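Peer 1: sequence below, structure please.
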Amino acid sequence: MITAIGDLMRRCYELGWITTRDGNCSLRRTGSKYLYITPSGWRKTIIHPEHMIKLPFGDDGQLDVPEGSNPSAELHMHWLLQRNSKSVRAVLHLHPTSTVAAIYRGFDLQLIAHQFPEIFRYTRVGPTVPAIMATTAELGEATADALGVDDAGNVTFDIVGQAQHGVCAVAGDPWTAYEHVERLEHICEMVLRSGVTPEEVVARVELERES
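Peer 2: Residues are numbered from 1 along each chain as shown. Next comes the predicted model:
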């Protein structure tokens, strides 16, 4: 699965979901005391297993970050989502264009997701994180809250948007996390192309609930 991260990031770059040095991904295997995470600022088109940063969890659950290592600047967000995981988990953070545009336009991702069964059946979309400065502890904490992470490491949702920034997806492997992003990106592109307004989506959902 470490090799898959490089393949995945190259695919995301080809799709325009990240620029060369954007995006990050982490992996923790079942029962492992180590977190693997992409390096900060590294060109994602040439990332390979030997470039991944391997960080040990201490007995207190904190990560030991050796001097000179260069993990993703979003490490705090990944740590919050990985520290209590009881099974293998991948965390993927990207900047998919249509999804970020839909959030910026004012669409509620949860509402539009419920309009499209192909995502609603397979991907649980959580509430969107408000605009918070990237790489901050506040962004990590807000993202973990939006995904519904509990003390046992369980998550309520598979993916959340981050206003004026991107998305964060969680799954049992990197490619499944990618699929959550792909599904959400697909419906956001369709909604934006339809010309419907955020207000019209709200009205449509309310009408469906009343009927």
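Peer 1: use CA for all of it now, contacts and neighbours both
Peer 2: Fine.
Peer 1: the residue nearest the centre of the chain and residue 68, how far apart?
Peer 2: The C-alpha lying nearest the average C-alpha coordinate of the chain belongs to residue 168 (CA atoms, centre = their mean; 1.4 Å). Noted for residue 168: a distance of 27 Å to residue 68, by CA to CA, to the nearest Å.
Peer 1: same thing with residue 139?
Peer 2: 24 Å.
Peer 1: looking at those two, which is more packed in?
Peer 2: Taking other CA atoms under 10 Å, residue 139 and residue 68 do not tie; residue 139 has more neighbours (20 against 6).
Peer 1: per-residue pLDDT, that one?
Peer 2: On pLDDT, residue 139 comes in at 98.
Peer 1: so it touches residue 133, yeah?
Peer 2: Yes - shown here, residue 139 and residue 133 form a contact pair, counting by CA atoms under 8 Å, at 6.7 Å.
Peer 1: all strands of the chain, in order?
Peer 2: 24-28, 34-37, 53-56, 89-94, 159-162, 166-171 (DSSP state E).
Peer 1: so which of the ones you listed is the most surrounded?
Peer 2: With neighbours defined as mean count of other CA atoms under 10 Å, the strands of the chain peak in mean count at strand 159-162, which reaches a mean of 29.
Peer 1: and that one, what's its mean pLDDT?
Peer 2: The average pLDDT for strand 159-162 rounds to 98.
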